[in-house]
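[1] I would like to see how this sequence folds:
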Amino acid sequence: MEIASSSNKDPKSTQSIAAARSRRRRNTCIGISIATVVLLVVLIVILAFTVFKAKRPITAINSVTLADLDVSLNLARVSVDINVTLIADVAITNPNKVGFSYSNSTAFLNYRGELVGEAPITAGRIDAGQRKEMNITLTIMADRLLKTTTVFSDVVAGTMPLNTYTRISGKVRILGIFNIHVVSTTSCDFNVSISERKVGDQQCNYHTKI
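    I've put the predicted structure just below:
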């Protein structure tokens, strides 16, 4: 009499076990991949808002010096011809861990609230933790200046109140992913002494917005 061997396995059962193991391995790999991606995202966000957190670049006008001053008074006609050229020493400091890129901008020269001169500021880049200085030449546009009614009295008094205003707009790119836009402005009030031919009483206000 023949007895069937109990060691024979059902092929379908073997395939089911193999398929289950394959699914477990696949699910494990997917889970590990998702966990790794989530961990990387969390790490990037933490770094972006801690070590690489965007800081405000600072634009400052260190000094304003008088490069040229020509004044001619006509007392009979109560008029004045005046030409003024100023040199503004502007410094931009980048305190960030990454570079700061800024676009083309303009420096403005104002007299009693009226725009009387301007000069371009060329776009550029400042590396992490670096400071960039530039000299900007501001020349008064005589035709605009002479439209104001107080020029003659200011020149006779010997002092002209002026203001320089700069606005630097740019961005800081964090970890090559996040773009943080920054606007830094500087406004400086000062007086030009006609008799002493120099700049004095300079007061500046700074503001940066992220």
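[2] following the helix or strand of the chain with the lowest mean pLDDT, which helix or strand shows up next?
    Within the chain, confidence by mean pLDDT, DSSP states H and E is lowest for helix 11-49 among all helices and strands, at a mean of 71. Using DSSP states H and E, the next helix or strand after helix 11-49 towards the C-terminus is strand 58-74.
[3] in that following strand, what counts as buried?
    Residues 58, 59, 60, 61, 64, 69 are the ones in strand 58-74 that count as buried (16 or more other CB atoms under 10 Å). (C-beta placed from N, C-alpha, C; glycine too.)
[4] Just list the residues touching the residue nearest to the second one when sequence neighbours are not counted, thanks.
    Same thing as residue 59. Sequence neighbours aside, residue 184 is the residue nearest to residue 59 in space, at 4.2 Å (criterion: CB to CB, 6 or more residues apart in numbering). Residues near residue 184 by CB atoms under 8 Å, 6 or more residues apart in numbering: 56, 57, 58, 59, 92, 167, 168, 169, 206, 207, 208, 209.
[5] at 7 Å instead, please
    56, 57, 58, 59, 168, 208 (CB atoms under 7 Å, 6 or more residues apart in numbering).
[6] same check, this time on residue 186
    The contact partners of residue 186, by CB under 7 Å, 6+ apart, come to 59, 60, 61, 166, 204, 206.
[7] what's the helix or strand for it?
    Per DSSP H and E, residue 186 falls inside strand 178-193.
[8] next one: that strand to chain centre, how far?
    Using CA atoms, centre = their mean, to the nearest Å, the mean C-alpha position of strand 178-193 is found 10 Å from that of the whole chain.
[9] between the helix or strand just after it and strand 58-74, how big is the angle?
    Downstream of strand 178-193, the first helix or strand assigned by DSSP H and E is strand 198-209. Taking axes from the mean of the first three to the mean of the last three CA atoms, to 10 degrees, one finds that strand 198-209 is oriented at 140 degrees with respect to strand 58-74.
[10] buried sites along strand 198-209?
    residue 199.
[11] Need the per-residue pLDDT for the residue lying closest to residue 179 once chain neighbours are set aside.
    Closest residue in space to residue 179, ignoring its immediate chain neighbours: residue 171 at 5.1 Å, by CB to CB, 6+ apart. Looking at residue 171, its pLDDT reads 84.
[12] Can you tell me which of the buried residues of strand 58-74 is nearest residue 16?
    The nearest member of the buried residues of strand 58-74 to residue 16, counting by CB to CB, is residue 58 at 68.9 Å.
[13] My read is that the closest one contacts residue 90, right?
    No. Using CB atoms under 7 Å as the test, residue 58 is too far from residue 90 to be in contact (11.1 Å).
[14] Assumed residue 98 was part of a helix.
    No. Using DSSP: H, G, I helix; E, B strand; the rest coil, the assignment for residue 98 is coil, not a helix.
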